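>>> Structure of the sequence below:
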Amino acid sequence: MQPEVPQADYDWLLHWTAWSLREDRRQEAVFPLAQFLERSGASPLTWSLDFLSWKCERLARDRCWYELRVERLPEGTLVRVLLDR
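Numbers count the residues shown, from 1 in each chain. Predicted coordinates:
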């Protein structure tokens, strides 16, 4: 029997208030990967796939597009979330 993988929950992004406005009129928030995974209750193995499922659901419900970019830097990995309303 395989260990149970926690269910990721990205709904905290719906209430995030520290978005930065970009020149292209989208909003952006940047998090260290560990913090993003902890806030989301996500598994390091499946989090990006879970996010894909979540963002498709958000698009269907709210017509908001969320995009995720991972940046690997010498000082650590960052997750950049873009929001287009």
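
>>> and stretch 11-23, how far from the chain's centre?
Computed by C-alpha atoms, centre = their mean, to the nearest Å, the chain-centroid distance of stretch 11-23 equals 11 Å.

>>> swap that for stretch 34-44, please
With C-alpha atoms, centre = their mean, you get 9 Å for stretch 34-44.

>>> before we move on, what about stretch 30-46?
8 Å.

>>> I'd like the numbering to begin with 834 instead of 1 from here.
That works, and once the first residue is 834, the last one we named lands at stretch 863-879.

>>> quick one: terminal-to-terminal distance for it?
20 Å (C-alpha to C-alpha, to the nearest Å).

>>> which residues are in contact with that stretch?
Contacts to stretch 863-879, defined as C-beta atoms under 8 Å, 6 or more residues apart in numbering, come from residues 838-843, 845, 880, 883-884, 903, 909-914. Backbone N, C-alpha and C define where each C-beta goes, glycine included.

>>> just checking, Leu915 touches Gln860?
Yes. Using C-beta atoms under 8 Å, Leu915 makes contact with Gln860 at a distance of 7.2 Å.

>>> buried sites along the top helix by length along the chain?
Determined from DSSP state H, the single longest helix within the chain is helix 880-895. Going by neighbour count (16 or more other C-beta atoms under 10 Å), the buried part of helix 880-895 is 880, 883-884, 887-888, 891.
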